[in-house]
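Student: give me the fold of what follows.
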Amino acid sequence: MNKRKRAETSIKTIKDAIERYGRFKFSVKGSSMFPFIIDGDEVIIERVLPEDIRVGDIIMYIRDTQMIVHRITNIYTTSTGRRLFILRGDNLPYEDKPVWEEEIGGKATKVIRGDKEFTAASFHPIVISAVRYVLNKGRVLKRILGLKITQNDILNILRRKR
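Tutor: Okay, the predicted model is just below:
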């Protein structure tokens, strides 16, 4: 079975699990939602009706053969009542291609990192804005001071058990 066929089969399995059980847990790859969701975190996605989705929610959508977990930044309703969602990864400088309501697989309700769990309440957009501001100021300070702090350094700190 080729890579694309395996991905399509996996996505179908995930869609079926969400439809049948109302939720699905999977391990995230990538850093687009850093620092709230990091590579290796487990995310619980639950079935959600499009009309129950709000700006600031983190949703999973399926495009081609990929599952993408990003935050909603805007919602538009067409004259026919169809909803169009604008999303962006917290760590990305650009928005995703718009997502139609039928592409949405579910809403992230919990993130599990080691023995810690974060709920949807901790995903609040005001907190994200503050973190973005601090991270951006940190990058400027890092350049001024000539420090060589990488995203991997920050990831190691976040994963460290206390």
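
Student: residue contacts, the closest residue to Glu51 other than its chain neighbours?
Tutor: Across the structure, with Cβ to Cβ, 6 or more residues apart in numbering as the measure, the residue nearest Glu51 apart from its sequence neighbours is Arg83 (7.5 Å). C-betas here are computed from N, CA, C, even on glycine. Residues near Arg83 by Cβ atoms under 8 Å, 6 or more residues apart in numbering: Pro50, Glu51, Ile53, Ile75, Tyr76, Thr77, Trp100, Glu101.

Student: could you rerun that using 7 Å?
Tutor: For Arg83, the residues meeting the contact criterion (Cβ atoms under 7 Å, 6 or more residues apart in numbering) are Pro50, Ile75, Thr77, Glu101.

Student: for the third one, which non-adjacent residue is spatially closest?
Tutor: Right, Thr77. Closest residue in space to Thr77, ignoring its immediate chain neighbours: Arg83 at 5.4 Å, by Cβ to Cβ, 6+ apart.

Student: burial check on the residue lying closest to Arg113 once chain neighbours are set aside, number of neighbours?
Tutor: Closest residue to Arg113 apart from its sequence neighbours, by Cβ to Cβ, 6+ apart: Asp41 at 4.9 Å. One way to gauge burial is a neighbour count; for Asp41, by other Cβ atoms under 10 Å, it gives 21.

Student: so for Asp41, what's the pLDDT?
Tutor: As predicted, Asp41 sits at a pLDDT of 91.

Student: distance of it from Leu92?
Tutor: Asp41 sits 17 Å away from Leu92, going by Cβ to Cβ, to the nearest Å.

Student: can I take it that Arg54 is in a strand?
Tutor: No: with DSSP: H, G, I helix; E, B strand; the rest coil as the criterion, Arg54 is located in coil rather than a strand.

Student: what's the nearest residue to it if we skip its chain neighbours?
Tutor: Counting by Cβ to Cβ, 6+ apart, the nearest residue to Arg54 once its immediate chain neighbours are dropped is Ile72, at 7.1 Å.

Student: can I take it that the one you found is in a strand?
Tutor: Yes: assignment of Ile72 by three-state DSSP places it within a strand.

Student: test my guess that it contacts Asp57.
Tutor: Yes: at 5.1 Å, Ile72 counts as touching Asp57 under the criterion of Cβ atoms under 7 Å.

Student: contacts only, for the residue nearest to Arg113.
Tutor: By Cβ under 7 Å, 6+ apart, the residues touching Asp41 are Val28, Val111, Ile112, Arg113.

Student: can you list the residues you listed in JSON lines and add secondary structure, neighbour count and pLDDT?
Tutor: As requested, these are exported to JSON lines (DSSP: H, G, I helix; E, B strand; the rest coil; neighbours: other Cβ atoms under 10 Å; pLDDT from 0 to 100):
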{"residue": "Val28", "secondary structure": "coil", "neighbour count": "19", "pLDDT": "89"}
{"residue": "Val111", "secondary structure": "strand", "neighbour count": "23", "pLDDT": "90"}
{"residue": "Ile112", "secondary structure": "strand", "neighbour count": "14", "pLDDT": "90"}
{"residue": "Arg113", "secondary structure": "strand", "neighbour count": "15", "pLDDT": "86"}
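
Student: thanks a lot, see you next time.
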